[in-house]
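Undergrad: When you get a sec, could you give me coordinates for this:
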Amino acid sequence: MSEKDTSYTVGSVTSAGTTIGYRQLGSGPGLLLLHGGMQASQHYMRLAATLADAFTVYLPDRRGRGLSGPPGESYSMAQECADVAAILSQTGAHCVFGHSAGGLIALQTALILPSIYKVAVYEPPLSVHGSVPTAWVKRYEREVEAGKPASAMITALKGLQLSRVFTLLPRPVLLLLITLLARREQQTLHPHDVSMEALIPTGLFDLHLFHEMEDTLDRFAQMRAEVLLLGGEKSPAYLRDALTALSQTLPQVRRIQYPGLDHSGPNVTAPERIADDLRAFLAKPSESREERRDDQTRTEALAD
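TA: Got it, this is the predicted structure:
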């Protein structure tokens, strides 16, 4: 099934006065998918479509993007967690998957929200003693402010070392490539999609989350949810190291490393492969609803 052929409905919740919109497809137990940086719900439709025969999948546009309202002056991890809680409260979902920055949000929300039974994350950029590279940040911020989104994207991807193409090719070649892709994209955008040009500046929000979550590893020793850690063999060392640190800290954890994959596994190179392992993880029985009968009340309290 292609992304273009995948039908979905649109829903929304209100979180701290801001609309948080989401795509919904499939049927079965609820599963929330949180997108990564400079991405939106549209980029995870292949993953969602593969899971839709077994789950009701919810794909929000995180605040500041697409179907959702602005980030607001008090943007923070706490606000992202409250947005997730609002969706869970409305939908009754108990499982969350997050990619990259979305993985950080998924972990933090599961830590404070016991109604989340299972959480799976693909390469959350959790900085441990400054492990996530930041030398590129000031240049990225200047380029965003100057209205040069393509240059800013190159700076971010080279700085974070997320793609061998961006690491090896010179900036002029990449600038031409991105410019051509952006022009082509304008002819293929569908309703509710967000353009690359609009998404590139949203990396500023994720930078805020990276800084806020730095050196918070120890807190995850208190995690109640079962956790599945996913990552690619070809991803940068700092992302693999973060997964190792989390695997040594989380109480109930399983880790899968994919040969041949990099950071783009869930949304570009292998969403079907990721979906197979998510399906197996989520199908395993967890604690009963009776044992967590107060969780929905606590979810609603956080959402408020």
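
Undergrad: Poorly predicted segments of the stretch 201-304 of the chain, please.
TA: 286-304 (pLDDT under 70).

Undergrad: And the helices in it?
TA: Using DSSP state H, counting those that start in this stretch, the helices found in the stretch 201-304 of the chain span residues 203-213, 237-247, 271-283, 295-303.

Undergrad: same for the second one, what does it pack against?
TA: In other words, helix 237-247. Other helices and strands packing on helix 237-247, by 3 or more CB pairs under 8 Å, 6 or more residues apart in numbering; DSSP states H and E, are strand 226-232, strand 253-258. C-betas here are computed from N, CA, C, even on glycine.

Undergrad: of all the helices of the stretch 201-304 of the chain, which lies closest to P259?
TA: helix 271-283 (10.7 Å; CB to CB).

Undergrad: Using CSV, write out the CA atom coordinates for the closest one.
TA: Provided in CSV are the C-alpha atoms of helix 271-283 (Å, rounded to 0.1, in the frame of the first residue of the first chain):
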residue,chain,number,x,y,z
PRO,A,271,9.1,1.1,7.9
GLU,A,272,7.7,-2.4,7.2
ARG,A,273,10.6,-4.0,8.9
ILE,A,274,10.2,-1.8,12.0
ALA,A,275,6.4,-2.5,11.9
ASP,A,276,7.0,-6.2,12.2
ASP,A,277,9.0,-5.8,15.4
LEU,A,278,6.5,-3.3,16.8
ARG,A,279,3.7,-5.7,16.1
ALA,A,280,5.5,-8.5,18.0
PHE,A,281,6.3,-6.3,21.0
LEU,A,282,2.9,-4.8,21.3
ALA,A,283,1.1,-8.2,20.9
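
Undergrad: list the buried ones in it?
TA: 271, 273-275, 278, 281-282 (16 or more other CB atoms under 10 Å).

Undergrad: which other residues reach it?
TA: Identification of contacts with helix 271-283 by CB atoms under 8 Å, 6 or more residues apart in numbering yields 29, 31, 44, 46-47, 50-51, 54-55, 95, 97, 118, 120, 122, 226, 228, 230, 254, 256, 258, 261, 265-266.

Undergrad: Which ones among the residues you listed lie within strands?
TA: If you go by DSSP state E, the contacts of helix 271-283 have 31, 95, 97, 118, 120, 122, 226, 228, 230, 254, 256, 258 in strands.

Undergrad: got CSV for those, with neighbour count too?
TA: Below are the ones in strands among the contacts of helix 271-283 laid out as CSV (neighbours: other CB atoms under 10 Å):
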residue, neighbour count
L31, 26
C95, 24
F97, 29
K118, 21
A120, 27
Y122, 31
E226, 22
L228, 21
L230, 26
R254, 15
I256, 16
Y258, 19
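
Undergrad: And the residues you listed, which is closest to W136?
TA: Lowest distance from W136 to those (CB to CB) belongs to Y122, with 22.0 Å.

Undergrad: can you pull the contacts of the closest one?
TA: By CB under 8 Å, 6+ apart, the contact set of Y122 is 97-100, 103, 230-231, 265-266, 274.

Undergrad: I105 contacts L34, correct?
TA: Yes. Using CB atoms under 8 Å, I105 is in contact with L34, at 5.5 Å.

Undergrad: quick one, which of the two is more surrounded?
TA: L34 (29 against 25; other CB atoms under 10 Å).

Undergrad: Distance-wise, check that one relative to P133.
TA: Distance of L34 to P133, computed by CB to CB, to the nearest Å: 23 Å.

Undergrad: picking that back up, the helices and strands packed on helix 237-247 into a markdown table, with extra columns for distance to S68?
TA: Below are the helices and strands packed on helix 237-247 laid out as a markdown table (distance: least, CB to CB, whole Å):
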| stretch | distance to S68 |
| --- | --- |
| strand 226-232 | 25 |
| strand 253-258 | 30 |
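
Undergrad: any residues in contact with both of I105 and L34?
TA: 62, 84, 98.

Undergrad: Count residues in the vicinity of the closest residue to L174 other than its chain neighbours, would you?
TA: The shortest distance from L174 to any non-neighbouring residue, by CB to CB, 6 or more residues apart in numbering, is to I154 (4.9 Å). I154 has 26 neighbours, counted by other CB under 10 Å.

Undergrad: May I ask which helix or strand encompasses I154?
TA: Assessed by DSSP states H and E, I154 sits inside helix 149-160.

Undergrad: State the next helix or strand along the chain beyond that helix.
TA: helix 164-168.

Undergrad: can you give me how far that next one is from the chain middle?
TA: The chain centre lies 22 Å from the centre of helix 164-168; the measure is CA atoms, centre = their mean, to the nearest Å.

Undergrad: That'll do, ta.
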